[in-house]
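S.K.: Have a look at this fold, sequence not included:
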Ligand code: FES
Ligand SMILES: [Fe+2]
C-alpha cells in the first residue's frame, strides 16, 4: 500500500542536523516574503531580514529600483543596517565604511592605514529582490530564478482576489512564538480535514465540504468557499455568499489569506528545530478600511482563538513525533493531499531518500 512516496520520519521534526540541512537546502536558497512594498516607497527606505542564515538588506534606490545586498560588511563582517527605516547610503556602524546604493565602496576612513585594498573586491555582495503586486520577496541567492517562475500558477490563483494587493496597507500585526517545528505548522495549514473538528466556530464562515488542497508547483492552493447561509458564530473572515477565499501556502514559509474584509499573511520564522515564530500582518485597501474597519481587540481575539485551536494540537503532535509509534498511516484524499505534497517537496529539496 503506497501512502507516501516520501514520509518524513519523526526525528526530522526535532533533529538539529535536519534543521541545519533545511537552512542550507531550503531557507538559504528559496524566495521568501520580506515585507509589503508600502514599507519601501521613499528613496533611501530600507528593510533588513534574515533568510535562513543569510542577513540581507533591501533598499529603495534613488532611481526607484529596489536593490538587495547581503547585510555583511566586507571589511570584517559587521551588520551594516538594522531593522527598517530610511538611510542616506549604507554606512557600517563598526568602522564607518560607507557604500553607495549600488553596493560600491564610497568611503573608507583612514584609508592610508591599509596596505592593499582591492576596492572592486570589496563591493557588497548582491542578493535577489522582486515584487509581486506589492509583496516583496527576497532570496539570499544572487540571480535567483525569476520570481514569476517560482510562483508560476500561484499568482494566477491569487489574482482572482477582488482587491489590489499593492494598494494594501498594514492595519494590524500579531506575533506568536511556539515550541513547534515549522513543518508541523505547515502540515497543519495545508490540510482541511481538521477544520470541522478543530475550528467548527472560528472558521464557521466556510463550507468545509467544499475546501480542497491543490498542489501548484511546490506550493498549495486551498480555496475556501463560503457557506450558503450566514454562520451562527462570529468569524474573523467576513461571510460572503457565493464567494471563495483564495487561501494557500507558498513554499517554504508563507501562507496567504485573502478575504473580503482583509488579507492576512502567516510568516513562519523557524528559530530552531523545535521553535518557530509566527508573524501575522493584516492588510486592508482603503476601501476595506472604510467599509470593514478593523476593531483591533476583536481581531486580536479572533486570531488568537483561531491560532490557539491549532497550536494546542500542534504542541502535542511535536511531542509525539518522538514516540516510537509516530508515523502517518492514512491520508484523507484531496483533504490531506497538501501534507503529502509538502512532504514530497521537502524531500526533493533535502535529497532525502524516498520511502
Ligand atoms: S566591519 Fe564594517 S567597517 Fe569594519
Ligand atoms: Fe487549523
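M.R.: All right, it came through fine. In this text the structure is predicted, and so the values were computed from the model without any measurement. Ligands and ions are numbered 1, 2, ... in the order given.

S.K.: how about the helices in the chain?
M.R.: 16-22, 147-150, 154-159, 182-189, 195-198, 286-291, 296-320, 337-350 (DSSP state H).

S.K.: Distance check, residue 38 against residue 228.
M.R.: Counting by Cβ to Cβ, to the nearest Å, the gap from residue 38 to residue 228 is 36 Å. To be clear about C-beta, it is placed using only N, CA and C from the backbone, and glycine gets the same treatment.

S.K.: hey, what's the residue minimising distance to the centre of the chain bridged with?
M.R.: Nearest to the mean C-alpha position of the chain, counting by Cα atoms, centre = their mean, stands residue 254 at 2.8 Å. With DSSP bridges as the criterion, residue 254 is bridged to residue 250, residue 267.

S.K.: thinking again about what came up before, go through the helices of the chain and name the closest to residue 236.
M.R.: Minimum separation from residue 236 across the helices of the chain (Cβ to Cβ) falls at helix 296-320, 3.6 Å.

S.K.: Where does pLDDT dip in the stretch 51-200 of the chain?
M.R.: Along the stretch 51-200 of the chain, no part satisfies pLDDT under 70.

S.K.: List the contacts of residue 71.
M.R.: Applying Cβ atoms under 8 Å, 6 or more residues apart in numbering to residue 71 gives the contacts 48, 55-57, 79-81.

S.K.: So it versus residue 282, what's the distance?
M.R.: Distance check for residue 71 against residue 282: by Cβ to Cβ, it reads 27 Å.

S.K.: same check, this time on residue 221
M.R.: Noted for residue 221: a distance of 21 Å to residue 282, by Cβ to Cβ.

S.K.: next one: residue 213
M.R.: From residue 213 to residue 282 the distance is 23 Å (Cβ to Cβ).

S.K.: picking that back up, export the helices of the chain to CSV and tack on distance to residue 133 and mean neighbour count?
M.R.: As requested, these are exported to CSV (distance: least, Cβ to Cβ, whole Å; neighbours: other Cβ atoms under 10 Å):
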stretch, distance to residue 133, mean neighbour count
helix 16-22, 28, 16
helix 147-150, 11, 16
helix 154-159, 8, 17
helix 182-189, 22, 23
helix 195-198, 28, 14
helix 286-291, 16, 14
helix 296-320, 23, 15
helix 337-350, 24, 21
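
S.K.: still on that earlier bit, who has more neighbours out of residue 213 and residue 282?
M.R.: Neighbour totals were compared for residue 213 and residue 282, and residue 213 leads with 26 against 22 (other Cβ atoms under 10 Å).

S.K.: ok, the nearest residue to that one once chain neighbours are set aside - contacts?
M.R.: Distances taken as Cβ to Cβ, 6 or more residues apart in numbering place residue 338 nearest to residue 213, at 3.4 Å, with adjacent residues excluded. Contact analysis of residue 338 by Cβ under 8 Å, 6+ apart lists 187, 189-191, 213, 215, 220, 222, 249.
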